[in-house]
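Enquirer: Could you look at this predicted model? Sequence included:
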Amino acid sequence: MAAAGIAFCPTEGDSYRRIEEDPVLAAHPIAQRFRARQALIRAARRRLLAAGAPMLSGIDAGVPTRPFGDYPRDLGALIGEDGLGLTPHQILVSATSGAAAILGLADTGASVPLALGGVA
């Protein structure tokens, strides 16, 4: 993937914590499979990053138990050793200008005046 410039988008973010906090969600068979594979999922994504595969941030908003307002927490869950080992700066880039570049959008994603979504 890295050699071909194929990007990946981890969407589980803060799902690990959500599963642990919600007994109904934790009892669901899919959540149990997800929890059992959590270490493998993180390790695979860390290998993609180490190989240089581009990453953009996203979430499964709109899926049951995935409200749209959880995006900031999902991004934060990827920071540090409990996440994917990324820095806050790397996460912000993956959610803004990095994602825009991967998607071929030149006029958005930057924190500069006049850019769509930019900060003046």
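Expert: That came in fine, so what should we check first? No experiment lies behind these values; they were computed from the predicted model shown. Numbers count the residues shown, from 1 in each chain.
Enquirer: For the chain, which segments count as helices?
Expert: Along the chain, the stretches classed as helices by DSSP state H are 15-21, 23-27, 29-36, 38-51, 71-76, 88-95, 97-102.
Enquirer: Please identify which of the ones you listed is closest to Ile59.
Expert: Ile59 lies closest, by CB to CB, to one member of those: helix 71-76, at 4.8 Å. Placement of C-beta: from N, CA and C, glycine included.
Enquirer: Would you mind listing the buried residues in the helix or strand of the chain with the lowest mean pLDDT?
Expert: When the helices and strands of the chain are scored by mean pLDDT, DSSP states H and E, helix 15-21 comes last with a mean of 79. Of the residues in helix 15-21, Ser15, Tyr16, Arg18, Ile19 count as buried by neighbour count, 16 or more other CB atoms under 10 Å.
Enquirer: just to revisit the earlier point, among the helices of the chain, which is the most enclosed?
Expert: Of these, the one with the most neighbours on average (mean count of other CB atoms under 10 Å) is helix 97-102, at a mean of 19.
Enquirer: what residues does stretch 23-33 touch?
Expert: Arg18, Ile19, Glu20, Arg35, Thr65 (CB atoms under 8 Å, 6 or more residues apart in numbering).
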